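J.: predicted structure and sequence below. I'll ask about it afterward.
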Amino acid sequence: MSHIHNYGADHKSLRDRVVVITGASSGFGKGAALKFADSGAHLVLAARRKRLLRDLAGECQSLGVQAIAVDADVTDRDEVRKLARRAVEEFGRIDVWVNNAGVATIGRFDEVPMEEHEQVIATNLLGAMYGSYYAVRQFREQGDGTLINVASYLAEGSSPYYASYVASKHGVRGLGMSLRQELEANREDAIYVCTVMPTSMDTPFFEHAANHSGHPVEPIPPVYDPEQVIDTIVDLALNPRPEVVVGRRGKVGRISGKLMPRLTERYMARQVHKLISDRKSARDSSGALFKPMESGTEIHGGWRESGSGLGKVLTAVGITAPAALALAMLARRRGRDLGKAA
């Protein structure tokens, strides 16, 4: 066992901090692991793809830190418990735990096999609950720590054809809210719970998604660089905040959702339906739900380079029609308030 000295959550350095990351074999998890390692943190990396994990651990070690790979499926509570135990056995503590593993199945709700919906809930929500459970237990024992749960902008919005994914991410966001209230009530102010809510990001996530839509899957535009999420995750380890939406569309969409919830729902329904139905046909697939895929091993998924004309335009503009209307309405409302005040 190699116990690591720690300076506490208020020390603005990641050097020698111990970070656990689930879903570390690609996408946000892989990017965050490398960025944490570059900042001097030691890593406990978890995912189902053993070879990729070992390679990533070696890459992190080449940056001068310690890193171990733990083969773990977050749908198995006992494997998550063993992951936490392995981290403590190896390093003596856990400073940051990132629940990042996530999957989706896409298609009309009643045409997607129920076992796939169940697997999405098991991975995204129960996986986050298991990780949070063992992380918070350890944080309470040692007196501090930061939990970072990766949810989605859809955790407070929605999308057609993503029913179980949306449900799971609403659950992840609710979990974070409840835990923060519990910590507040018990005055445990050295333990932090953060929720990251990305909009569509250019990762292999969509390549790994199960698909029963009858058409190829691609991200809902606009599509952003995943480095934005990676930077956010690492920054939260130093500067914890309750919730962070990543991607301009999500930030502005929050306004439209509050000012015009029904219009926002209608627009999202039409946009996603058109995005899916305009594509060529595709066979049904369970993607990486039940077993990992060989493909999609990098941080980026290549969607920004190969996106449709609509996707490229929306990516450049970074804003949706209802969101723009919401901003205009907000500006008008503020103008009226200022006029009244004058």
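T.: Happy to help now that I have it. Numbers count the residues shown, from 1 in each chain.
J.: what are the buried residues along stretch 134-149?
T.: The neighbour-count check on stretch 134-149 (16 or more other CB atoms under 10 Å) flags 134-136, 138-139, 142, 144-149 as buried. Backbone N, C-alpha and C define where each C-beta goes, glycine included.
J.: cool, stretch 265-277 as well?
T.: For stretch 265-277, a neighbour-count test (16+ other CB under 10 Å) marks 265, 267-268, 271-272, 275-276 as buried.
J.: what is the nearest of the residues you listed to L154?
T.: For those, the minimum distance to L154 (CB to CB) is 9.3 Å, reached by M268.
J.: in three-state terms, label the closest one for me.
T.: helix (DSSP: H, G, I helix; E, B strand; the rest coil).
J.: regarding this structure, what is its longest helix?
T.: helix 163-185 (DSSP state H).
J.: what are the ranges of the strands in the protein?
T.: For the chain, the strands defined by DSSP state E cover 18-22, 42-47, 67-71, 96-99, 105-106, 145-150, 191-198, 210-211, 243-246.
J.: just the helices in the stretch 151-300 of the chain please.
T.: Counting by DSSP state H, counting those that start in this stretch, the stretch 151-300 of the chain has helices at residues 163-185, 205-208, 227-238, 248-259, 261-277.
J.: pLDDT on the fourth one, on average?
T.: Same thing as helix 248-259. For helix 248-259, mean pLDDT rounds to 71.
J.: residue numbering should commence at 13 henceforth.
T.: New numbering, starting at 13: the last item is helix 260-271.
J.: need the strands of the chain in JSON lines (columns: distance to G183).
T.: Shown next, in JSON lines, are those (distance: least, CB to CB, whole Å):
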{"stretch": "strand 30-34", "distance to G183": "16"}
{"stretch": "strand 54-59", "distance to G183": "21"}
{"stretch": "strand 79-83", "distance to G183": "25"}
{"stretch": "strand 108-111", "distance to G183": "12"}
{"stretch": "strand 117-118", "distance to G183": "16"}
{"stretch": "strand 157-162", "distance to G183": "10"}
{"stretch": "strand 203-210", "distance to G183": "11"}
{"stretch": "strand 222-223", "distance to G183": "19"}
{"stretch": "strand 255-258", "distance to G183": "15"}
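J.: between those, which one is nearest to V184?
T.: strand 157-162 (5.4 Å).
J.: quick one: that closest one to helix 175-197, angle?
T.: Per axes from the mean of the first three to the mean of the last three CA atoms, to 10 degrees, the angle that strand 157-162 makes with helix 175-197 is 160 degrees.
J.: now do the contacts for the residue nearest to R93 when sequence neighbours are not counted.
T.: Distances taken as CB to CB, 6 or more residues apart in numbering place Y146 nearest to R93, at 5.7 Å, with adjacent residues excluded. The neighbours of Y146, taking CB atoms under 8 Å, 6 or more residues apart in numbering as the test, are 92-93, 95-96.
J.: same question for D107.
T.: 18, 21, 29-31, 53, 156-158, 249.
J.: which two in those are spaced the farthest apart?
T.: Using CB to CB, the contacts of D107 span at most 15.2 Å, a distance reached by A53 and D156.
J.: right, and C206 touches P254 too?
T.: Yes: with contact defined as CB atoms under 8 Å, C206 counts as touching P254 (6.6 Å).
J.: can you lay out the helices of the stretch 163-312 of the chain as CSV showing distance to E310?
T.: Below are those laid out as CSV (distance: least, CB to CB, whole Å):
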stretch, distance to E310
helix 175-197, 22
helix 217-220, 10
helix 239-250, 12
helix 260-271, 23
helix 273-289, 23
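J.: looking at those, which is buried most?
T.: helix 217-220 (a mean of 22; mean count of other CB atoms under 10 Å).
J.: contacts for it?
T.: Contacts for helix 217-220 (CB under 8 Å, 6+ apart): 39, 114-116, 229-231, 299-300, 305, 307-308, 313, 315.
J.: JSON lines for those, including pLDDT, distance to P216 and neighbour count?
T.: Shown next, in JSON lines, are those (pLDDT from 0 to 100; distance: CB to CB, whole Å; neighbours: other CB atoms under 10 Å):
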{"residue": "G39", "pLDDT": "98", "distance to P216": "6", "neighbour count": "29"}
{"residue": "G114", "pLDDT": "98", "distance to P216": "11", "neighbour count": "28"}
{"residue": "V115", "pLDDT": "98", "distance to P216": "11", "neighbour count": "26"}
{"residue": "A116", "pLDDT": "98", "distance to P216": "12", "neighbour count": "28"}
{"residue": "V229", "pLDDT": "87", "distance to P216": "11", "neighbour count": "22"}
{"residue": "E230", "pLDDT": "85", "distance to P216": "12", "neighbour count": "20"}
{"residue": "P231", "pLDDT": "88", "distance to P216": "11", "neighbour count": "22"}
{"residue": "G299", "pLDDT": "96", "distance to P216": "10", "neighbour count": "22"}
{"residue": "A300", "pLDDT": "97", "distance to P216": "9", "neighbour count": "23"}
{"residue": "M305", "pLDDT": "95", "distance to P216": "8", "neighbour count": "16"}
{"residue": "S307", "pLDDT": "95", "distance to P216": "7", "neighbour count": "11"}
{"residue": "G308", "pLDDT": "96", "distance to P216": "3", "neighbour count": "20"}
{"residue": "G313", "pLDDT": "95", "distance to P216": "5", "neighbour count": "23"}
{"residue": "W315", "pLDDT": "84", "distance to P216": "9", "neighbour count": "23"}
